[in-house]
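Asks: no letters, just coordinates:
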């Protein structure tokens, strides 16, 4: 069976699925095809049920929960760090509500987390890789950065105003789950089980062959050097990527519970992991 796997064209996702480009993983008779798209595009594709397996924002899961179930691995979870808000000069958190903030998508987990911090605020959506320059040029007052922008913002002369992962850890004592991997329910139990095992093995294979996987991942770094790519991969491909564990599942539950209380989702959230 052909299984299309959607993920962002960034180093951590590329690292996770490097093994699918090799013969190092038993694909259990299935053909895996990687499909690249920025995270907000993947969120929208999931709403249409376009791909069999895909990375999405955790905040998008409630919108697709009838069609997709969470895989127990493949998540991007950071403890004490996460998406950041930047500006051209230092601002107090309380001042952010007075400014327009450019964001990488209204369905991203970063946007939901920022809503949990600020409540309502003015925002404008922009592709994530255009946000640093939008703020540096003065066309935007502040920007919400994801992916490698969390590490490269100083190259644009920007300063960090707020780290959402740090805020979340202080608020809850939990890591911040950002991206998750989901599989379409209509694949059926047997195929879902196969897919889960293949992707788990692929992640472990990348960790076991770190140098080779990292060399591949750097190609997706949009100009960042190997050292920055290595640091970024280390942030978001970790033990919680291989399995959420109790802590990761608790973090997922808490974030979605708070989002539900905020009225961010169209229906009550049913958290359902593939066994």
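Replies: All right, it came through fine. Worth saying up front: this structure is predicted, and the values here are computed from it rather than measured.

Asks: tell me who's in contact with residue 82.
Replies: Neighbouring residues of residue 82 by CB atoms under 8 Å, 6 or more residues apart in numbering: 110, 113, 150, 163-166, 168, 176, 178. All C-beta atoms are positioned from the backbone trio N, CA, C, and that covers glycine.

Asks: equivalent analysis for residue 253, please.
Replies: By CB under 8 Å, 6+ apart, the contact set of residue 253 is residue 271.

Asks: and which of the contacts of residue 82 is nearest residue 64?
Replies: Closest approach between those and residue 64, by CB to CB: residue 178, at 16.2 Å.

Asks: helix, strand or coil for the closest one?
Replies: Three-state call for residue 178 (DSSP: H, G, I helix; E, B strand; the rest coil): strand.

Asks: same question for residue 196.
Replies: The three-state assignment at residue 196 reads helix, by three-state DSSP.

Asks: sorry, back to before: now go through the contacts of residue 82 and say which are in helices.
Replies: Those of the contacts of residue 82 mapping onto helices are 110, 113, 150, 164-166, 168, per DSSP state H.

Asks: and the furthest pair within these?
Replies: Pairwise distances across those peak at 14.1 Å for 150 and 168 (criterion: CB to CB).

Asks: looking at those two, which is more packed in?
Replies: Taking other CB atoms under 10 Å, residue 150 and residue 168 do not tie; residue 168 has more neighbours (26 against 23).

Asks: partners of the closest residue to that one other than its chain neighbours in the sheet?
Replies: Excluding its sequence neighbours, the residue lying closest to residue 168 (CB to CB, 6 or more residues apart in numbering) is residue 176, at 4.3 Å. Residue 176 has these beta-bridge partners by DSSP bridges: residue 78.

Asks: tally of neighbours for residue 176?
Replies: Around residue 176 there are 28 residues (other CB under 10 Å).

Asks: would you turn the ones in helices among the contacts of residue 82 into CSV with pLDDT?
Replies: Supplementary listing: those in CSV, determined by pLDDT from 0 to 100:
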residue, pLDDT
110, 97
113, 98
150, 89
164, 98
165, 97
166, 97
168, 98
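
Asks: how much space separates the spatially most central residue of the chain from residue 25?
Replies: Centroid-nearest residue in the chain, with CA atoms, centre = their mean: residue 179, separated by 2.7 Å. According to CB to CB, to the nearest Å, residue 179 stands 21 Å off from residue 25.
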